Structure formats: C-alpha cells, structure tokens
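1. model this:
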Amino acid sequence: MTGEAQFIAALRGIASSPAARGLADDCAVLPFGGETLVLTHDMMVEGVHWLPGQDAADVAWKLVAVNLSDLASKGAEPLGVLLGYALGNDDARFLAGLGEVLQAFGVPLLGGDTVGGEGRRSHGLTALGRATSRAIPSRSGARAGDDLWITGPVGGAMLGFEALRDGRTNVDTLAFRRPRPRLAEGRALAPLVTAMMDVSDGVLLDAARMAQASGVTIAIDRTAVPLAPGLPAARIDEGLSWGDDYELLFTLPADIAPPCLAHRIGRVLPAGPDSLLLDGAPPAGKLGYEHD
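-> I've put the predicted structure just below:
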C-alpha cells in the first residue's frame, strides 16, 4: 500500500459510523442531543506545510486556520480546538501566533497534548464546531445543471510560498502564511448549496473529488477563475493545481445567486467519461497536491 489515497481507502473499512461520512468529506458530522457537532483534524509537517526557519507564529496561525476552513465548508460555528504540539526552540513564537489566531476568530483552546522528539516536527489540531443549518453541506450533492462557484482568487499562496522560499520581500506572503477561513461565507452558503468543500489541495483536484463524490462531471472555464494579484495569466494552471488557497468551492442551482462575494467558474454536467473538464477537455498533468 502506497500513498494517501490508498491509505484512506483502507481506513474506510474501519470508519463505519455514519458520522464519518465514508471518509469522503472534510469533516465528521455527529448528531448530539438537539445539536449536530462538526469535527475535523488536520496536521502540518515541517518542510511540507511550512518552510524550515519560518516564523512559528505563522505556523500556529495556519494550523488553526486550515482546520477552521474545514468547519467553514460545513457552515459550522467553531466551538473550540485541541492542540497536538511537538516542542522545539521556537515555542514562545508559536504561542504568540496561537493566541493571535484564536483571538482573531473568537475560538477557545480546550486542551491537547505536547511531545518532544528528534527530527522534523509535526503539529496537529482538532477543531470542533456546531452546525448552523439543518442542511449540512457535503462534497456529494452536486447535480447536473448546477453552477460551480469559488469565493476568492487562486494562486496567492503559491506566490507567497515562492517569495518566502526565495527571500523576496516585494511580494505579499500573507495568503501562504496566514490564510483566513471563510467562516461567515460558509454559514451564509450552507442552507443553499448542493455541495461545498474548501480548496486545500488545488482547485482541480478538489473539484475532481467533488465530481467523483457526486457522480457527475464538473467543467471549469479557465477564463472565469479569479487570479491572485501578481499571478500571470500564463501560470493559471499552476495556480489551479497548487492548493493552500482555502477558498470555498461550491455548487448552486443555476437560478440561485450566492449571498456572498463569489465567482462562477464552471458548471456541473451529467457524468461522462471524465470527472473533470478544463475548457472542455480533461486537464493534463497533476491535478493537485497529494501526500506520497
């Protein structure tokens, strides 16, 4: 067994609870009394999700933000987080960033665990939320005839990463260092969308996952995709497959307009030979980021 997709496929035989949604969604959805809890857990690894030597305050911000982005894709209100942290020589900076991001989004720290060790560090975070809509979006509800939308531009995180890596200071790096989860947008969209997820691994890969979960084909129009400032049009395919944008990707019936700023970038078609089309043809090359 090799690779992320194969490992997750094997886990599906173990995760039999309906709350797990077949491990085919961004979050677990657990009815609890008169409420519905939404739970997610993401990890970050040094050298993969952040650059060696990067400010640990930014690492803390991003760790929280990417988990809150999963909650946003369900229209959930965050209730708190649990932190798993590997100790190092920059703990004070991590704590500073953690305090900043939790205050910025009004989320309490509820507990967690710390460990020490050698080698590359990794941190994990579990975020807990409360559903704010009876209809809790999934990846699997897109229907032929729907429109495909995204809440914001792609490619900003890629440009920020490249600038940090190369030591350039003339490029805005916030999209990579400190993404902002679309929590308000997710809550507004949740009662209306047919499917929704956040863009973490690339628009193309995440759209393909939505199409496969929904049993449809999704067709994207390159010229309709909003680009981050500074991203040349010639690099749009890189921006579509790079990931880390943490915008919301969602489908709506064609006669419904989104209640927040968003860009219509494609449409949903009946299932065909390919789950994803880009300007009418299957995209060439790698669709997005997957762990080996």
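
2. can you show me the strands along the stretch 101-250 of the chain?
-> With strands called from DSSP state E, counting those that start in this stretch, the stretch 101-250 of the chain shows them at 109-115, 122-131, 147-150, 195-198, 216-220, 248-252.

3. what's the closest of these to Val59?
-> With Cβ to Cβ as the criterion, Val59 lies closest to strand 122-131 of these, at 7.2 Å. The way it works is simple: take the backbone N, C-alpha and C, and place the C-beta from them, glycine included.

4. let me know the average pLDDT across the lengthiest helix in the chain.
-> Counting residues, the longest helix in the chain under DSSP state H turns out to be helix 56-72. For helix 56-72, the mean pLDDT works out to 97.

5. what about that helix, distance to the chain center?
-> 10 Å (Cα atoms, centre = their mean, to the nearest Å).

6. on that earlier part again, out of the strands of the stretch 101-250 of the chain, which gets nearest to Cys27?
-> Using Cβ to Cβ, the nearest of the strands of the stretch 101-250 of the chain to Cys27 is strand 122-131, at 7.8 Å.

7. pull out the buried residues from that closest one.
-> Ser122, His123, Gly124, Leu125, Thr126, Ala127, Leu128, Gly129, Ala131 (16 or more other Cβ atoms under 10 Å).

8. circling back to that earlier point, which among the strands of the stretch 101-250 of the chain is found nearest to Asp55?
-> strand 122-131 (14.2 Å).

9. what angle sits between that closest one and helix 56-72?
-> 30 degrees (axes from the mean of the first three to the mean of the last three Cα atoms, to 10 degrees).

10. what ranges does the chain have for its helices?
-> Using DSSP H, helices in the chain cover 4-11, 56-72, 91-105, 156-166, 174-177, 183-189, 203-214, 236-242.

11. Gly111 is nearest to which of those helices?
-> So among those, helix 91-105 is nearest, using Cβ to Cβ, at 13.1 Å.

12. what about that closest one, average pLDDT?
-> 98.

13. relative to strand 122-131, how tilted is that helix?
-> 20 degrees.

14. same for helix 91-105, what does it pack against?
-> helix 56-72, strand 76-86 (3 or more Cβ pairs under 8 Å, 6 or more residues apart in numbering; DSSP states H and E).

15. with mean neighbour count and distance to Ala211 as new columns, can the ones you listed be given to me in CSV?
-> Formatted as CSV, those follow (neighbours: other Cβ atoms under 10 Å; distance: least, Cβ to Cβ, whole Å):
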stretch, mean neighbour count, distance to Ala211
helix 56-72, 25, 20
strand 76-86, 20, 24
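
16. possible to save the helices of the chain as a markdown table with distance to Gly272?
-> Formatted as a markdown table, the helices of the chain follow (distance: least, Cβ to Cβ, whole Å):
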| stretch | distance to Gly272 |
| --- | --- |
| helix 4-11 | 22 |
| helix 56-72 | 29 |
| helix 91-105 | 40 |
| helix 156-166 | 30 |
| helix 174-177 | 34 |
| helix 183-189 | 27 |
| helix 203-214 | 10 |
| helix 236-242 | 20 |
